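# need a structure here:
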Amino acid sequence: MKVLVINGSPHIDGGCTDRALKEVEKTLQENGISIERVNVGNKDVRGCISCNYCRKYGRCVFNDIVNETAPKFAEADGIVIGSPVYYAGCNGQLLAFLDRLFYSTAGVFTKTMKTGAAVVSSRRAGSTSAFDEINKYFTISSMPIVSSTYWNEVHGFTSSDVKDDLEGLQTMRNLGRNMAFLIKAIKAAAKEHGIPEQERGSFTSFHTEQ
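The predicted structure follows:
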């Protein structure tokens, strides 16, 4: 069982988001889940151009970290996405990455129930709106969202501040335990009952009279 951890911060080691993610990773590993980290925030990632190349060829037209991550995402049982908070939202590179990753791998979700968890880091405020931004990728993809004992966030201006955010780190550990449990529960249920059927036949489109 494996979880893919995405760090959307440009501070890939020793930053606030990294500190929060490390707490989740450590707890997942203690509960029998392997992890793989992908750092996105320090990469040059452009946004989706709606060309639908991925629908024809199964990969994004821009051959960068999105295509590198797609097979790892397909194999994972869950994904943890961490982001710093900029202007009450996520890092721009991360959002561009997620748009293209989720769109180009949409077929992955018809036969799996991957768990998803958002982790956000802010100095003071704006964290819940960034938290909502990430969770929307999960809800449109039939992915069970992993919760904790508070919103999945830490606070601080430096990683040392985050280290002192005892409730925030507690929230990260509880998140890791909940995610490990949910992954195992889904595996057990899928073995006995299978994965829920996903209907894909209907597509809302309203046409005006000519």
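# please save the CA atoms from stretch 156-176 in CSV.
Listed next in CSV are the C-alpha coordinates belonging to stretch 156-176 (Å, rounded to 0.1, in the frame of the first residue of the first chain):
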residue,chain,number,x,y,z
GLY,A,156,3.9,29.4,11.1
PHE,A,157,6.3,31.7,9.3
THR,A,158,9.2,29.2,9.5
SER,A,159,9.5,25.5,10.0
SER,A,160,10.5,26.2,13.6
ASP,A,161,7.2,27.9,14.1
VAL,A,162,5.4,24.8,12.7
LYS,A,163,7.4,22.6,15.1
ASP,A,164,5.8,24.6,17.9
ASP,A,165,2.3,24.3,16.5
LEU,A,166,1.5,21.3,18.6
GLU,A,167,-2.1,21.1,17.6
GLY,A,168,-1.2,21.4,13.9
LEU,A,169,1.3,18.5,14.1
GLN,A,170,-1.2,16.5,16.1
THR,A,171,-3.7,17.1,13.3
MET,A,172,-1.1,15.8,10.8
ARG,A,173,-0.5,12.6,12.8
ASN,A,174,-4.3,11.9,13.1
LEU,A,175,-4.6,12.5,9.4
GLY,A,176,-1.9,9.9,8.7
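# pull the residues that contact that stretch.
14-16, 18-21, 23-28, 30-31, 117, 119, 121, 123, 146-155 (Cβ atoms under 8 Å, 6 or more residues apart in numbering). C-betas here are computed from N, CA, C, even on glycine.
# switch to 6 Å and redo it
Contacts to stretch 156-176, defined as Cβ atoms under 6 Å, 6 or more residues apart in numbering, come from residues 14, 16, 19-20, 23-24, 27-28, 117, 123, 148-150, 152, 154-155.
# helices - which of those residues land there?
For these, membership in helices holds for 16, 19, 20, 23, 24, 27, 28, with DSSP state H as the criterion.
# residue 67 and residue 59 touch, don't they?
Yes - with contact defined as Cβ atoms under 6 Å, residue 67 reaches residue 59; the gap is 5.0 Å.
# settle it for me: which of those two has more neighbours?
Legend: neighbour count by other Cβ atoms under 10 Å for residue 67 and residue 59, higher for residue 67 (18 against 15).
# picking that back up, and which of the contacts of stretch 156-176 is nearest residue 131?
For those, the residue nearest residue 131 by Cβ to Cβ is residue 152; the value is 6.6 Å.
# could you report the pLDDT at the closest one?
Here, the pLDDT recorded for residue 152 equals 98.
# what do you get for residue 201?
80.
# go on, residue 204?
86.
# could you do residue 106 as well?
84.
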